[in-house]
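Q: when you get a sec, could you give me coordinates for this:
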Amino acid sequence: MKKELSFLSCTAQIAVKELVARRWALVALAMVPLAFYAARRSDAGWQGIRMACMGLSWAISTVSLFSMQAALPIEPRLRLNGARVATLYCGRLLGLLAVASCAAILYCGVVLLDQDVESAWAVVAALTASVWLSVPLGMLVGRLVPREFEGMLVLITIVGLQTIIDPERGSAKALPLWGIRSFLDYAIEGRGDMSDGAIHSGAYMALLITCGYLASSATLRSRKHIVYLNG
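A: From the prediction side, this is the model:
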């Protein structure tokens, strides 16, 4: 148990340190949500916040994609040292969620200082759901798509569809950020409730984490017919 916790902590720290090493890329990505928000700030209040959510989603999912692809050559060696797939996956997930939460806190401050809303907690829920869903999404794409450029195109497609599709359409529920609409309705207009958004976001996050773990297990499964000799 102690060894597993050590691997978990080590993997989370590696994920954070990898991102810190790419600080200028992080700064550039951090400006994306601000640009999205500023572009629609003068429109209806929820539109500006919605675009901040979309910008955050793209930035955080891209960061998670980079982190996952940077881990691909390292993970097999950690597996040989006795780390479990669940430990490697959860450690990186927790490290990225910590970074994503910091980004959400930053933009919660920006939005709440700039906008007069009915419910500050609903704004917090919308921005938090955006970043938390984006972490396992980016990790899953990073695992399944071997190159950064192709992976970014996949993420641009997903977030782009989320941005332009009418949330009232039934097919919109198939996209990961559909639930933030109910958060924003409550935040800006004080109508409805947040239960639909919470259920959709929670279920989608569980699905993405499960798929990401299964993809990691398939990639990193141990091969019992191979014997590794020390030295």
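Q: how much space between M139 and A218?
A: Distance of M139 to A218, computed by C-beta to C-beta, to the nearest Å: 14 Å. Backbone N, C-alpha and C define where each C-beta goes, glycine included.
Q: then G95?
A: 22 Å.
Q: who has more neighbours out of the two?
A: G95 (23 against 10; other C-beta atoms under 10 Å).
Q: which ones are touching M68?
A: With C-beta atoms under 8 Å, 6 or more residues apart in numbering as the criterion, the residues that contact M68 are 92, 138-139, 141-143.
Q: please redo it, this time with the cut-off set to 10 Å
A: 15, 75, 89, 92-93, 96, 135-136, 138-145, 151, 212, 215-216 (C-beta atoms under 10 Å, 6 or more residues apart in numbering).
Q: and if you look at L137?
A: 57, 60-61, 64-65, 154-155, 158-159, 176-177, 204-205, 208-209, 211-212.
Q: same thing but at 8 Å, please
A: Taking C-beta under 8 Å, 6+ apart, one finds 61, 64, 155, 158, 176, 208 in contact with L137.
Q: hang on, the earlier thing: quick check on the contacts of M68: which are buried?
A: Neighbour counting by 16 or more other C-beta atoms under 10 Å classes 15, 75, 89, 92-93, 96, 135-136, 138-143, 145, 151, 212, 215-216 among these as buried.
Q: out of those, list just those in helices.
A: 15, 75, 89, 92-93, 96, 135-136, 138-143, 151, 212, 215-216 (DSSP state H).
Q: can you give the distance from stretch 70-80 to the centre of its chain?
A: In this view, stretch 70-80 has its centroid 21 Å away from the chain centroid, taken as C-alpha atoms, centre = their mean, to the nearest Å.
Q: check R147 and give its pLDDT.
A: For R147, the pLDDT comes out at 86.
Q: gap between it and L72?
A: Taken as C-beta to C-beta, the span from R147 to L72 is 11 Å.
Q: between the two, which one's more packed in?
A: Higher neighbour count among R147 and L72: L72, with 13 against 10, using other C-beta under 10 Å.
Q: need phi/psi at that one.
A: phi -60, psi -40 (degrees, to the nearest 10).
Q: and it, what does it touch?
A: If you count contacts by C-beta under 8 Å, 6+ apart, then L72 has 142-143, 146 around it.
Q: now render these as a markdown table, adding distance to I188.
A: What follows is those, written out as a markdown table (distance: C-beta to C-beta, whole Å):
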| residue | distance to I188 |
| --- | --- |
| G142 | 34 |
| R143 | 36 |
| P146 | 41 |
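Q: between the residues you listed, which is nearest G109?
A: Of all the contacts of L72, G142 has the smallest distance to G109: 28.9 Å, by C-beta to C-beta.
Q: next one: that closest one from A35, what distance?
A: According to C-beta to C-beta, G142 and A35 sit 24 Å apart.
Q: isn't L175 right next to G160, touching?
A: No - L175 is beyond contact range of G160, at 10.4 Å (criterion: C-beta atoms under 8 Å).
Q: looking at those two, which is more packed in?
A: Set L175 next to G160 and count neighbours by other C-beta under 10 Å: L175 wins out with 17 against 12.
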